[in-house]
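Peer 1: This is a predicted model, with the sequence first.
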Amino acid sequence: MTRPMLKSVIAGILILFFLMGSLGTALAEPEGNKRKGKYTYRKVYKACMARGEVDSPKPLVNPDAKTQEEWQLVFENKDFADFKCQEEWAALSDEELQDIYAYLHSGASDSPTPAKCK
């Protein structure tokens with residue numbers, strides 16, 4: 001095999017790996033807008049604090065408190081008991097829940113960028 005041909009084969013393989021990795025990452029991400037989800041998640045706790053159920057507007061559960069699989073189960077089962085503020089969670093639309101899920105899932109403890117609420 002000639003040197004230029006070897007370089008093009010190696011480049012082709014690298015491009016293939018990059019595309020497969022990008023596709024895998026895209027498929028793993030949930031639908032929803034994680035920026036809106038972060039805003040909505042914080043808004044829930046501000047409203048909850050104003051009502052007097054919690055002492056702080058800071059969310060009780062950080063995104064890195066669970067793995068991506070655990071977040072998936074929480075939102076599939078709609079089990080929001082750990083979050084408290086049941087009235088606020090019950091009032092959220094499906095789109096808002098999907099956005100919050102995208103935010104929490106993207107910052108999960110096993111994600112590439114685990115996140116804490118600040």
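Peer 2: Arrived safely, thanks for sending.

Peer 1: how far is stretch 51-59 from where the chain is centred?
Peer 2: Taking Cα atoms, centre = their mean, to the nearest Å, one finds the center of stretch 51-59 at 22 Å from the center of the full chain.

Peer 1: For that stretch, give me every contacting residue.
Peer 2: 41-42, 44-46, 48-49, 60, 83-85, 87-88, 117 (Cβ atoms under 8 Å, 6 or more residues apart in numbering). From N, CA and C alone the C-beta is placed, and that goes for glycine too.

Peer 1: Pull out the buried residues from that stretch.
Peer 2: V54, P59 (16 or more other Cβ atoms under 10 Å).

Peer 1: And the chain, what are its domain boundaries?
Peer 2: 1-30, 32-118 (automatic domain parsing).

Peer 1: Comparing those by mean pLDDT, which bottoms out?
Peer 2: Mean pLDDT is lowest for domain 1-30 among the domains of the chain, at a mean of 62.

Peer 1: which residues sit in contact with the closest residue to A115 other than its chain neighbours?
Peer 2: Of all residues not flanking A115 in the chain, G107 sits nearest, at 3.0 Å (Cβ to Cβ, 6 or more residues apart in numbering). By Cβ under 8 Å, 6+ apart, G107 lies in contact with N62, P63, D64, T113, P114, A115, K116.
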